[in-house]
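Colleague: what follows is a predicted structure for the sequence shown.
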Amino acid sequence: MASPQSTKSRLDNATKRVKPVDLFSSLKLELSALIVCATAIAFAMCWFLLKFGWSGWIAMPLTLVVALGITYFFSRGITAPLRQMRDVAEAMAEGDYTVRVNIDQERHDEVGQLARSFNEMAEELEHADKMRLDMIANVSHELRTPVSALQAMVENMADGVTEPTSANLEGILTQTQRLSDLIAFLLDLSRMEAGAASLNIEQFNVAEFLDETVEPLEIADGGHAHDIQMRVSDDITMEGDQDRLRQLFTNIIANALKHSPDNTTVLVETHEDKDNGTIVTNVVNFGSQIAPSDRSDIFRRFVKGKTGPGTESGGTGLGLSIARWAAQLHGGSVRVVDDTRGADFEITLPKYHIANE
């Protein structure tokens, strides 16, 4: 198995040996120009040799060799990225996803476009491989923590060290709930990967739905003293799967609570956009902000937000990814929008569900 360094060195050397032809924006034009030039040179050379008395049996083979030499030399410059892609594909097959095709950014023919697309694919594969490794580490950690706590609690009760009091049983219940939540997250992730999810579509009142969604979050918020303000008209209705949408709103609002300092306010504001036939909800976490460069990454699986400088938040890193998935199932979207008040997650959902064909 070749090392990543040797693969990169081979690709760098290949780039240095051959300079691609960048005169045309189309591979067909490049090949046509190459054939025309080789033919013209061969014709001129043949005419010159015959004019000075060379035999045709000598002039013709010599001319063909020169024409083939010219074609081979310049075609190597045209097809150099293709050879690099072969080497990169072989390296990726061996598990090295860091290699890339070295391509001149000024090259705009089909080979250049293919090379850039190939590099984009390699970046996605590298990210997917990193996420796979992170998933194994995260899931192992998330499972080990509650299981260890449960084991210690139960062993202490079995040995008579602690009594099965209400507080101790409440601790066991908390850990089992944590395990249940993790399993639910992983099941949702498997559905996301499979692209399969059945929806139970029904019409419901948005204000009542949000009240039912927010109530358990307020109870779970405990002593953090967050104030969840609701601004939604009582007459707004929509169609959708309430269970899936509850996942969506629970994860977004819980994320806002997690990243809000104690004794602060989280705003949940909903209105109907009649022009576009959508229901728009903004969940605003006052005070904090999300950098524009991070706004797309936070919706990736297993990407955890920051609670402070260099400090990751707890959880599985799946909540926002599942929220976006639930929105997309309904033909909607979730995104972070500019808001001077703080981090603003905007949820846009169609008022009426349109069944996929």
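Modeller: Received the coordinates, thanks.
Colleague: who does N282 form a beta bridge with?
Modeller: E269, E346 (DSSP bridges).
Colleague: tell me the helix or strand right after the host helix or strand of G171.
Modeller: Using DSSP states H and E, G171 falls within helix 166-194. As assigned by DSSP H and E, the chain's next helix or strand after helix 166-194 is strand 202-205.
Colleague: what residues sit buried inside the next helix or strand along the chain from that following strand?
Modeller: Sequence-wise, the next helix or strand downstream of strand 202-205 (DSSP H and E) is helix 206-220. Buried residues in helix 206-220, defined by neighbour count with 16 or more other C-beta atoms under 10 Å: V206, A207, F209, L210, T213, V214, L217. (Each C-beta comes from the backbone N, C-alpha and C, glycine too.)
Colleague: give me every residue that touches the fourth one.
Modeller: Taking C-beta atoms under 8 Å, 6 or more residues apart in numbering as the definition of contact, the neighbours of L210 are M230, V232, F249, V268, T270, T281.
Colleague: next, count neighbours for the second one.
Modeller: Right, V232. Counted with other C-beta atoms under 10 Å, the neighbours of V232 add up to 20.
Colleague: tell me who's in contact with it.
Modeller: V206, A207, L210, V268, E269, T270, H271, T281.
Colleague: between those, which is closest to I347?
Modeller: Set against I347, the nearest of those by C-beta to C-beta is T281 (4.4 Å).
Colleague: please name every helix or strand in contact with the helix or strand containing C46.
Modeller: Using DSSP H and E, C46 sits within helix 27-51. If you count contacts as 3 or more C-beta pairs under 8 Å, 6 or more residues apart in numbering; DSSP states H and E, helix 27-51 packs onto helix 56-93.
Colleague: try it again at 10 Å.
Modeller: Helix 27-51 sits against helix 56-93, helix 110-158, with contacts defined as 3 or more C-beta pairs under 10 Å, 6 or more residues apart in numbering; DSSP states H and E.
Colleague: check which residues of that helix are buried.
Modeller: For helix 27-51, the neighbour count (16+ other C-beta under 10 Å) marks L27, E30, L31, L34, A38, A42, C46, L49 as buried.
Colleague: before we move on, what about stretch 337-354?
Modeller: Counting neighbours by 16+ other C-beta under 10 Å, stretch 337-354 gives D339, G342, A343, D344, F345, E346, I347, T348, L349, P350, K351, H353 as buried.
Colleague: which one of the helices and strands packed on helix 27-51 lies nearest to R244?
Modeller: Closest among those, using C-beta to C-beta: helix 110-158, at 22.4 Å.
Colleague: packing partners of that closest one?
Modeller: Using 3+ C-beta pairs under 10 Å, 6+ apart: helix 110-158 touches helix 27-51, helix 56-93, helix 166-194.
Colleague: state the mean pLDDT of that helix.
Modeller: The average pLDDT within helix 110-158 is 78.
Colleague: what angle sits between it and helix 27-51?
Modeller: Counting by axes from the mean of the first three to the mean of the last three C-alpha atoms, to 10 degrees, helix 110-158 lies at 140 degrees to helix 27-51.
Colleague: picking up where we left off before, got the angle for the helix holding G171 vs helix 110-158?
Modeller: Using the same axes, to 10 degrees: helix 166-194 against helix 110-158 is 160 degrees.
Colleague: check which helices and strands helix 166-194 sits against.
Modeller: helix 110-158, helix 242-258, helix 319-329.
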